[in-house]
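Enquirer: Output the structure for:
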Amino acid sequence: MKTDLQLKKDVTEELDWDPAIDAAAIGVEVREGVVTLSGHLPSYAEKLAAERAVSQLRGVTGVTNHIKMRMRPAPDDVVERIEAALRRHAEREAKHINVSMKEGTVTLSGRVDSRAQRLAAVGAAWSAPGVGAVVDDLELS
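Expert: This next block holds a predicted model:
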């Protein structure tokens, strides 16, 4: 079994190796095999990539992801961008989804037919620039 110090070294090396992750912006702590990530990254996708990379390492028993996104100013057309992305992912389902935004928080409401459609809608919202939080008020039909 690896010590926490050995595991921290492995985690740091894994983050350094992954070109999709700004490892210098991530703090790593390990306690009894549980890895805690902290810091600030520019996107939700990069936050998830860091968590995925770390969670697959041998010896990791859990991951706590406290990484925050650096807020970028939201463009004036962020709601339109999210709606367009929703149409690309699920044109029929997008007609039943309402999107609103206030102070960097996007709220999705309406109805979707499956969990996959819900995940696609939430993912589309997170991918828009300037989004700091997504509230999923979607209902499954």
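Enquirer: got a list of what the residue nearest the centre of the chain touches?
Expert: Centroid-nearest residue in the chain: Tyr44, 3.5 Å away (criterion: C-alpha atoms, centre = their mean). Contact analysis of Tyr44 by C-beta atoms under 8 Å, 6 or more residues apart in numbering lists 69, 126-127, 131. The C-beta positions use only the backbone N, C-alpha and C, and glycine is treated the same way.
Enquirer: 7 Å - rerun?
Expert: 69, 126 (C-beta atoms under 7 Å, 6 or more residues apart in numbering).
Enquirer: Look at it and report its pLDDT.
Expert: For Tyr44, the pLDDT comes out at 85.
Enquirer: how about it, phi and psi?
Expert: Here is the backbone geometry of Tyr44 (degrees, to the nearest 10): phi -70, psi -40.
Enquirer: With the one 5 residues further on instead?
Expert: As for Ala49, its main-chain torsions (degrees, to the nearest 10) stand at phi -60, psi -40.
Enquirer: which residues of the chain fall in helices?
Expert: Applying DSSP state H to the chain gives helices spanning 4-17, 44-55, 78-94, 115-127.
Enquirer: shaky segments in this structure?
Expert: For the chain, the stretches with pLDDT under 70 are 71-74, 89-94.
Enquirer: what residues go with each domain of it?
Expert: 4-69, 77-140 (the TED database).
Enquirer: how long is the shortest one end to end?
Expert: Pointing back at domain 77-140 there. 28 Å (C-alpha to C-alpha, to the nearest Å).
Enquirer: mind checking how far that domain is from the chain centre?
Expert: 14 Å (C-alpha atoms, centre = their mean, to the nearest Å).
Enquirer: which residues touch Gly59?
Expert: Here Gly59 is in contact with 2, 7, 33 (C-beta under 7 Å, 6+ apart).
Enquirer: could you redo the last one with a cut-off of 10 Å?
Expert: Contact analysis of Gly59 by C-beta atoms under 10 Å, 6 or more residues apart in numbering lists 1-4, 6-7, 10-11, 30, 33, 35.
Enquirer: same deal with Gln6?
Expert: When contacts are counted by C-beta under 10 Å, 6+ apart, Gln6 touches 30, 59.
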